[in-house]
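Chemist: Using only what follows, build the 3D model:
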Amino acid sequence: MKKSGWGTRLVMGMGAFILFLIILFVVLINNHQEIVVDDYYPRDLKYQEVITLKQNYASLGEQVLLSFDSAGLHITLPHKLMGLPVSGSLWFYVPADRSADFELPLGVDTAGRQLVPEPLFRKSRYQLKMTWNAGNTGYYFETEILKPEKQ
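Modeler: Numbers count the residues shown, from 1 in each chain. Sure thing, here's the model as predicted:
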């Protein structure tokens, strides 16, 4: 078997490098990344409000309770808010897939609970952002939710 010369090895190396670049280009073109939110700049300007709402939530001393079952996601507000008029919104978003995002109004019953039906969720990792007013005070809660596998 004849040993190849340095020129042949150089051409083969350059060919392999060009092939690598072409494969990398094709992979990057087919990789679909979405921007998480379109209005990120105005949201950033309002972030001091979010900090205040988070502090209000922390001052409650109780957590929002979340649990998944076959019916869906059960959300229970802290007991300190019972009896107060509550209004707000629930924003569920998937950072990697905008088509899986959805927003609902916060509509709790007299016990401070709300059910988000299971069919609204895809098998994915959701970011839940809750903003609500109870009485004259605003609150903000944020957490990550992973929809469990069906049993």
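
Chemist: Look up how far Ile145 lies from the spatially most central residue of the chain.
Modeler: Most central in the chain under Cα atoms, centre = their mean is Gln127, positioned 2.9 Å from the mean C-alpha point. Using Cβ to Cβ, to the nearest Å, Gln127 is found at 8 Å from Ile145. For the C-beta atoms, the positions are set from N, CA and C on the backbone; glycine is no exception.

Chemist: so what sits against both of those two?
Modeler: Common neighbours of Gln127 and Ile145, counting by Cβ atoms under 8 Å, 6 or more residues apart in numbering, are Phe92.

Chemist: what domains does the record give for this structure?
Modeler: Using automatic domain parsing, the domain ranges for the chain come out as 1-31, 40-146.

Chemist: any chance of those domains in JSON lines, with mean pLDDT too?
Modeler: Below are those laid out as JSON lines (pLDDT from 0 to 100):
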{"stretch": "domain 1-31", "mean pLDDT": "90"}
{"stretch": "domain 40-146", "mean pLDDT": "88"}
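
Chemist: out of the ones you listed, deepest packed?
Modeler: Among those, domain 40-146 has the highest mean neighbour count (mean count of other Cβ atoms under 10 Å), at a mean of 14.

Chemist: what sits against Glu62?
Modeler: Contact partners of Glu62, counting by Cβ under 8 Å, 6+ apart, are Pro78, His79, Lys80.

Chemist: Please name the residues that touch the closest residue to Ala100 other than its chain neighbours.
Modeler: Excluding its sequence neighbours, the residue lying closest to Ala100 (Cβ to Cβ, 6 or more residues apart in numbering) is Val94, at 4.1 Å. Contact partners of Val94, counting by Cβ under 8 Å, 6+ apart, are Ala100, Asp101, Arg122, Ser124, Arg125, Tyr126, Gln127.

Chemist: Next up, phi/psi of Val94, please.
Modeler: phi -110, psi 120 (degrees, to the nearest 10).
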